[in-house]
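In: Predicted coordinates and the sequence they were generated for:
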Amino acid sequence: MTRALTGFTALAGAVLFLAACVTSAPVEEADLVVEEAEVEVLAPVLDVTVHEGDFARIEQFTTPGGISVWLVNEPSIPIVSFQAAWPGGSASDPAGLEGLNTAMIYQMNEGAGALPALEFQKAMESLNMSFGCSSARDWTSCSASMLRENADEAMALVALAMSEPRFDEGPFERFKRESEVSLAQRETNPRFLANEAMEAALYPDHAYAREMTAESLAAITRDMLAAQKDAIMVKDGMLVTAVGAISPEDFAPLIDAALTGLPAMGLHDVPGPLELGAPVADPIVRDLPQPQSLISFSAPGLQRDHPDFFTAYVLNYTFGGGGFESRLMEELRVERGLTYGIGTWLSYGGELAAWSGRSQTKNESAGEFLTVLKGLMSEIAETGITEQELADAKSYLTGAYPLAFDSNSAIAGNMMDVRQDGLSVDYFDRRNALVNAVTLEDVNRVAGEYLKPENFTFVVVGEPEGLE
């Protein structure tokens, strides 16, 4: 998964949706068409490792079915949220079938077993639960939230969805119609056009640069969806995180029952190594009739395990990730009025590490904007930042961090981010110390290495004027 770290987020945003409880008449057990034996709760003997952290007490264990789980047991909140994730996402789509993984996950809550789509949705509503799946570049995920008192019945519905998705004609045709609309709309979407141009310039032959097309969408058939699910959603390599009023002994049999129908192993294409191409010297222009120009810029960045990652993270807050506290915002908006806003971020994960940013300005000021932007890059690369700027960045980044743990779903999402990044369970407790350990000398060294304007490729979408 690629994540973008800015000064406004301590970690990537949580990816679980916490369902709002709705009052509705209960559905009879016969309507769910789920045998009680499917969710029989046993009392497994588990080898549980407990991490007593400052932010959460995390219990790690492997279920009898071989599923690796991180669980935060929080008895005070009568809701259980969990997320399951599998290596392999949209970048694993076979060539010529771009969009296949997205088509598959679209229908994971569109009917299962004897329940067509509408009946499946009614069953979820009656149980006050949510269930759905998503596809990112390198990961496929499914998540659910439910009341603790309904956990057995809710997990039975999840089990039905995971083992017997219907992939009916109606939802499949709806996916195709919606995708056709999206394909048409993106041709006038400046962000899509900028991303497409950047990919074509820096890694044109990599799987990350492949996008769904009208041809690939037309080539996808319903028969391919079940095979794609079995290739991606397998027990080998999958990760589970959970938060709520439930113990490991109670959760283990429920998650095992929900995932029992998954294959042990799968087979999908893995994106190969990626090396960014050389920066393009002149701005790449994509013509689009509109009153403003979207300006995107990107350069090589740092992966999560790089020793300078936290140095770059702290530096990015002062550079362009800290809102009105950043150098770019102060000069380009406050001082010169060239833009409403600008932001920069570190993207990492999978095969891509980049340092990127984006802004908009009037077409007639595009040339001036780029000149000033490059000048600010040169300035920070040559002279670095000040002690006060470093102190301000650390204060914000450490002070805002606890806000990332304000709900069950946020905690579960953060735990999944950490697991997908291959970090240890004590990361949450070490993270602020890693921020505070960054020195001014290291920040300015990293600025001089990474933020030179000649490292960046610039893409301008619009009808820009005054470009050199």
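Out: Sure, I can see it.

In: According to the record, where do the domains of this protein fall?
Out: 38-259, 284-462 (automatic domain parsing).

In: mind checking which of those domains is nearest G277?
Out: domain 38-259 (4.9 Å; CB to CB). Using the backbone N, CA and C atoms, a C-beta is placed for each residue, glycine as well.

In: Please pull out the lowest mean pLDDT helix or strand from this protein.
Out: Using mean pLDDT, DSSP states H and E, the weakest-scoring helix or strand in the chain turns out to be helix 29-32, at a mean of 39.

In: and V234, what is it in contact with?
Out: Applying CB atoms under 8 Å, 6 or more residues apart in numbering, one finds that V234 lies in contact with W86, L262, P263, A264, M265, G266.

In: how far is stretch 385-405 from where the chain is centred?
Out: Centroid displacement of stretch 385-405 relative to its chain, using CA atoms, centre = their mean, to the nearest Å, is 23 Å.

In: Then stretch 291-302?
Out: With CA atoms, centre = their mean, you get 20 Å for stretch 291-302.

In: How about stretch 255-274?
Out: 18 Å.

In: For it, buried residues please.
Out: Buried residues in stretch 255-274, counting neighbours by 16 or more other CB atoms under 10 Å, are found at I255, D256, A257, A258, L259, G261, L262, G266, H268, P271, L274.

In: Cross-check the contact I'm expecting between P279 and T457.
Out: Yes. The criterion here is CB atoms under 8 Å, and P279 meets it with T457 at 4.9 Å.

In: which element is A194 on?
Out: In the assignment (DSSP states H and E), A194 maps to helix 190-202.

In: That helix - what's its average pLDDT?
Out: When pLDDT is averaged over helix 190-202, the result is 98.

In: How far does the following helix or strand past that helix sit from its chain's centre?
Out: Beyond helix 190-202 on the C-terminal side, the first helix or strand identified by DSSP H and E is helix 214-219. Offset of helix 214-219 from its chain centre (CA atoms, centre = their mean): 25 Å.

In: tell me what helix 214-219 is packed against?
Out: Identification of packing neighbours for helix 214-219 by 3 or more CB pairs under 8 Å, 6 or more residues apart in numbering; DSSP states H and E yields helix 169-186.

In: For the helix it packs on, give me every contacting residue.
Out: Contacts with helix 169-186, where a contact means CB under 8 Å, 6+ apart, come from 99, 102-103, 106-107, 110-111, 117, 192-193, 212-214, 217, 220, 222, 225.

In: 7 Å instead?
Out: The contact list for helix 169-186, computed with CB atoms under 7 Å, 6 or more residues apart in numbering, reads G99, A103, Y106, Q107, E110, A117, F192, M212, A214, L217, R222.

In: what's the answer for stretch 273-289, then?
Out: With CB under 7 Å, 6+ apart, stretch 273-289 has contacts from 188, 190, 193, 197, 201-203, 206, 208, 299-300, 351-352, 370, 454-464, 467.

In: Now do the contacts for the nearest residue to D93 once chain neighbours are set aside.
Out: Spatial nearest neighbour of D93, excluding adjacent residues (CB to CB, 6 or more residues apart in numbering): L100 at 4.8 Å. Counting by CB under 7 Å, 6+ apart, L100 touches D93, P94, I220, M224, Q228.

In: mind listing the strands for the stretch 201-350 of the chain?
Out: Using DSSP state E, counting those that start in this stretch, the strands found in the stretch 201-350 of the chain span residues 239-244, 284-287, 292-300, 342-348.

In: Of those, flag the one that's most buried.
Out: Per-stretch averages of neighbours, counted by mean count of other CB atoms under 10 Å, single out strand 239-244 among the strands of the stretch 201-350 of the chain, with a mean of 25.

In: Sheet-wise, list the partners of it with their directions.
Out: strand 68-73 (parallel), strand 79-87 (antiparallel) (DSSP bridges).

In: Distance from the chain centre to the last one, please.
Out: Relative to its parent chain, strand 79-87 has a centroid offset of 13 Å by CA atoms, centre = their mean.

In: one step back: could you identify which of the strands paired with strand 239-244 is most buried?
Out: Highest mean neighbour count of the strands paired with strand 239-244: strand 79-87, a mean of 25 (counted as mean count of other CB under 10 Å).

In: Please enumerate residues in contact with it?
Out: 15-16, 18, 139-148, 151, 232-234, 237-246, 408-409, 412-413, 416, 420.

In: Output that strand as PDB, restricted to C-alpha atoms.
Out: Provided in PDB are the C-alpha atoms of strand 79-87 (Å, rounded to 0.1, in the frame of the first residue of the first chain):
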ATOM      1  CA  ILE A  79     -18.600  -2.700  19.200                       C
ATOM      2  CA  VAL A  80     -16.200  -5.000  17.400                       C
ATOM      3  CA  SER A  81     -14.300  -3.800  14.400                       C
ATOM      4  CA  PHE A  82     -11.900  -5.900  12.400                       C
ATOM      5  CA  GLN A  83      -9.900  -5.700   9.200                       C
ATOM      6  CA  ALA A  84      -8.300  -8.400   7.100                       C
ATOM      7  CA  ALA A  85      -5.700  -7.700   4.400                       C
ATOM      8  CA  TRP A  86      -4.000  -9.700   1.800                       C
ATOM      9  CA  PRO A  87      -0.800  -8.900  -0.200                       C
END
